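Peer 1: return a 3D structure for these sequence lines:
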Amino acid sequence: MDYSKLQNGSDIRGVALEGIEGQHINLTEQACRDIGRGFALWLTNKYGTQKQLRVAVGRDSRLSGETLCNWICEAMVAQGLYVTNFGMASTPAMFMSTVTEGYAFDGSVMITASHLPFNRNGFKFFTPDGGLESKDIKQILAFAGGEETTGLKPGALVAGEFMDTYAAILADKIRAATGEEKPLEGFRIVVDAGNGAGGFYVDKVLKPLGANTKGSRFLDPDGSFPNHIPNPENKEAMQSITEAVKETNADLGIIFDTDVDRAGAVLSDGSELNRNRIIAMLSAILLREHAGTTVVTDSITSDGLAKFIAEKGGIHHRFKRGYRNVINESIRLNNAGQDSQLAIETSGHGALKENYFLDDGAYLVTKLLIELACGKKNGYTLESLIATLEEPVENTEFRMNILVDDFKTYGQKVIEDLTAYAQKQAGWSLAPNNFEGVRVNLDAQHGNGWFLLRLSLHDPLLPLNIESNSQGGNKKIAQELATFIANYDALDATALLDFAK
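Peer 2: Residues are numbered from 1 along each chain as shown. The predicted structure follows:
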């Protein structure tokens, strides 16, 4: 098969199990073994063959994880790599295994498909330099599609354990920041792991720090995800952790996605801490520690967040969707001499300069727990940190399918036409410093908000985000847009046009 079809940006993803109509397995045994050979070739090209190269492998709770793990491990061993299988792990932990003293693997592989359905799976790759980029994945898949081998004698495969070490790093960070052995004593903190890999956080981090975790949900790994999708952006998932907080009168609720590279939270008053709110919270924390720093976000963050960051003395740099785009832009700014401590998407993917720019949900939560403990001693709450955040009255997203094969050209033409159209409309103004699609601000008479139309990174669709600071403002903005959008026959804008009626 054409392995390039398995590339999903800087990851590899595919179908690993039957069970959903129309989706047939393409992460076959042969594919996984070829990908293992491809990564071995990529790694030996990077480091040479003069030393024994060591690779760690971990997986989330997916039903296909153990099988895929066996296949890729055997393939890498056959190519001369010395492989340690860590079993159940989180994606951030697999990167940390390459930089942690006593481990320092030359590379690592995480078997995950994040929040996608149970039948999907995939691979993420790391070296001590960080996660591999899109061009690296392209090369690995090119190697996989060929016949080349490393020519090395077989290596070896052993079982290992790293999650205890990784969890201890997080717990020790909280102890060091608070100066206490059990800084969470007296707090009730509940976790919803969604039957993914995040359940470790309860037994290995929260309980050793003294927290009462009674009322936590779905901690046991189960790759069929019987309770809800492990995804902080999912309404049912957020409803679940909100219920847990209210039922137990918890001080904080925490929810992870399947492989723990994303997190969301619920505050003690039952309010959700995700999207703009979690960005604001982390910005407030980091701007206190690093005055004037730049916060890089994706393109759909609200105007209220930009105002909040500015009021805290920071710089808001709104960039493109895609967590690698946001992280790489923050790294670029730092390399250019502009301090940027935080890169974060509204999806919950967040990376800190102090933590290798690793998108690590457990690390972000650890920062929140430090604030929770310090706030109790110093007379403030987590809620107080974002008390001045102005949130939109309404926000809506429409996903409009493009019905032609060359969807990128068509979608870009729509965006270019809308850009020209916007410049002629009364009450409309193009947002400055926009790096993706077209973002337009509308005055009080025309909806009192903004919209952003952009081309999806991978799929044939145009996502449209609308926000308003007035009740009924989104409908007014949609009505103004409908006149323009209705002219494009190859754009399925049914939902938008119906909303605008």
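Peer 1: quick one: the residue nearest the centre of the chain from residue 273, how far?
Peer 2: Geometric centre of the chain, nearest residue: residue 349, 3.0 Å, by C-alpha atoms, centre = their mean. Between residue 349 and residue 273 the distance is 15 Å, computed by C-beta to C-beta, to the nearest Å. C-beta: built from backbone N, CA, C; applies to glycine.
Peer 1: cool, and residue 35?
Peer 2: Here the criterion is C-beta to C-beta. By it, residue 35 lies 37 Å from residue 273.
Peer 1: equivalent analysis for residue 189, please.
Peer 2: 13 Å.
Peer 1: with residue 93 instead?
Peer 2: According to C-beta to C-beta, residue 93 and residue 273 sit 23 Å apart.
Peer 1: what sits against the residue nearest to the centre of the chain?
Peer 2: 261, 262, 323, 326, 359 (C-beta atoms under 8 Å, 6 or more residues apart in numbering).
Peer 1: name the nearest residue to the first one, ignoring sequence neighbours.
Peer 2: Translated: residue 261. residue 91 (4.5 Å; C-beta to C-beta, 6 or more residues apart in numbering).
Peer 1: what's the answer for the third one, then?
Peer 2: For residue 323, the nearest residue in space outside its immediate sequence neighbours is residue 349; the separation is 3.6 Å by C-beta to C-beta, 6+ apart.
Peer 1: pLDDT score assigned to the one you found?
Peer 2: As predicted, residue 349 sits at a pLDDT of 92.
Peer 1: now do residue 458
Peer 2: pLDDT, residue 458: 77.
Peer 1: next up, phi/psi of it, please.
Peer 2: phi -130, psi -20 (degrees, to the nearest 10).
Peer 1: go ahead and confirm it touches residue 8.
Peer 2: Yes - counting by C-beta atoms under 8 Å, residue 8 is a contact partner of residue 458 at 6.7 Å.
Peer 1: tell me which of the two has more neighbours.
Peer 2: The residue with more neighbours, out of residue 458 and residue 8, is residue 8; 17 against 10, by other C-beta atoms under 10 Å.
Peer 1: is it true that that one touches residue 324?
Peer 2: No - in this structure, residue 8 is not within contact of residue 324 by C-beta under 8 Å, at 11.1 Å.
Peer 1: give me the below-cutoff pLDDT ranges for the stretch 101-250 of the chain.
Peer 2: Applying pLDDT under 70 to the stretch 101-250 of the chain flags no residue at all.
Peer 1: can you give me the helices in it?
Peer 2: Secondary structure of the stretch 101-250 of the chain (DSSP state H, counting those that start in this stretch): helices at 134-144, 163-178, 200-201, 235-248.
Peer 1: CA atoms of the last one as CSV?
Peer 2: Translated: helix 235-248. Extracted in CSV, the C-alpha atoms of helix 235-248 (Å, rounded to 0.1, in the frame of the first residue of the first chain):
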residue,chain,number,x,y,z
LYS,A,235,-19.3,17.9,25.8
GLU,A,236,-20.1,14.5,27.4
ALA,A,237,-16.6,14.2,28.8
MET,A,238,-16.7,17.7,30.3
GLN,A,239,-20.2,17.0,31.7
SER,A,240,-18.9,13.9,33.4
ILE,A,241,-16.0,15.6,35.2
THR,A,242,-18.3,18.6,36.1
GLU,A,243,-20.8,16.1,37.7
ALA,A,244,-17.9,14.5,39.6
VAL,A,245,-16.9,17.9,41.0
LYS,A,246,-20.4,18.9,42.0
GLU,A,247,-21.2,15.5,43.6
THR,A,248,-18.1,15.5,45.8
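Peer 1: so which elements touch that helix?
Peer 2: The helices and strands touching helix 235-248, judged by 3 or more C-beta pairs under 8 Å, 6 or more residues apart in numbering; DSSP states H and E, are strand 189-192, strand 252-256, strand 263-267.
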